[in-house]
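Visitor: What follows is a predicted protein model with its sequence.
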Amino acid sequence: MAKPDPASVACEHLVTDNPVPFPFDVEMVLDGVSGFTDAIVRCKSCGQAYLIEMLDWWGARFQRRTFRTSLLANDVVAQYAHNRQRGSCDVKRASAEWHAVQTQAKLTPLRITLDLDTSQQIESRVLPSDADIPMGHWRERLT
Ligand SMILES: [Zn+2]
């Protein structure tokens, strides 16, 4: 569990009240089952990069998914993309590179709910500053 960093505020474009088409572009899928579960995305309006990581899923095809969101600096994304493109057959190095992204991601209080079947963001919720956000990977929590 972790509390959101009060200094890390998600951009207003990802705060939505009604279902809208994804307000972001998916830049890199990091993990997925029938669609992404962990991804680096970028706001379509302002270009802010985010790490989104699945908290929970439900629905007939597990298409409805909630995600915690973390801010990512552009240089962190660029470095990671560069490393990934270069390809790493060294599993240890690949996981070290991924770990570096995670440690530089700044957890925000914004939790988003997506429907992967319709490519919509169903809702968003700004959690209270004392909220405990599960930080474990979903594969450890849900399976
Ligand atoms: Zn934005």
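Guide: Perfect, I can see it now. Since the structure is predicted, the reported quantities are computational estimates derived from the model, not experimental observations. Numbers count the residues shown, from 1 in each chain.

Visitor: Surely Pro21 is in contact with Gln120?
Guide: Yes - Pro21 sits in contact with Gln120 when judged by C-beta atoms under 8 Å, with a separation of 5.9 Å. (C-beta placed from N, C-alpha, C; glycine too.)

Visitor: With neighbour numbers in mind, choose between those two.
Guide: Here Pro21 and Gln120 are set side by side on neighbour count (other C-beta atoms under 10 Å), and the busier one is Gln120, at 17 against 10.

Visitor: That one contacts Thr16, doesn't it?
Guide: No - under the criterion of C-beta under 8 Å, Gln120 lies out of contact with Thr16, with a separation of 9.5 Å.

Visitor: What residues sit buried inside the worst-scoring helix or strand of the chain on mean pLDDT?
Guide: Each helix and strand of the chain was given a mean pLDDT (mean pLDDT, DSSP states H and E); the minimum falls on helix 91-104 at a mean of 82. Within helix 91-104, the residues that qualify as buried by neighbour count (16 or more other C-beta atoms under 10 Å) are Glu97, Trp98, Val101, Gln102, Gln104.

Visitor: tell me which parts of this structure are close to the ion?
Guide: Residues of the chain found near the ion, taking C-beta under 5 Å from the ion as the criterion, are Cys11, His13, Cys43, Ser45, Cys46, Gln48.

Visitor: For PyMOL, what selects the buried ones among the residues you listed?
Guide: Restricted to buried positions by 16+ other C-beta under 10 Å, the PyMOL selection for the residues of the chain next to the ion reads:
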select buried, resi 11+43+48
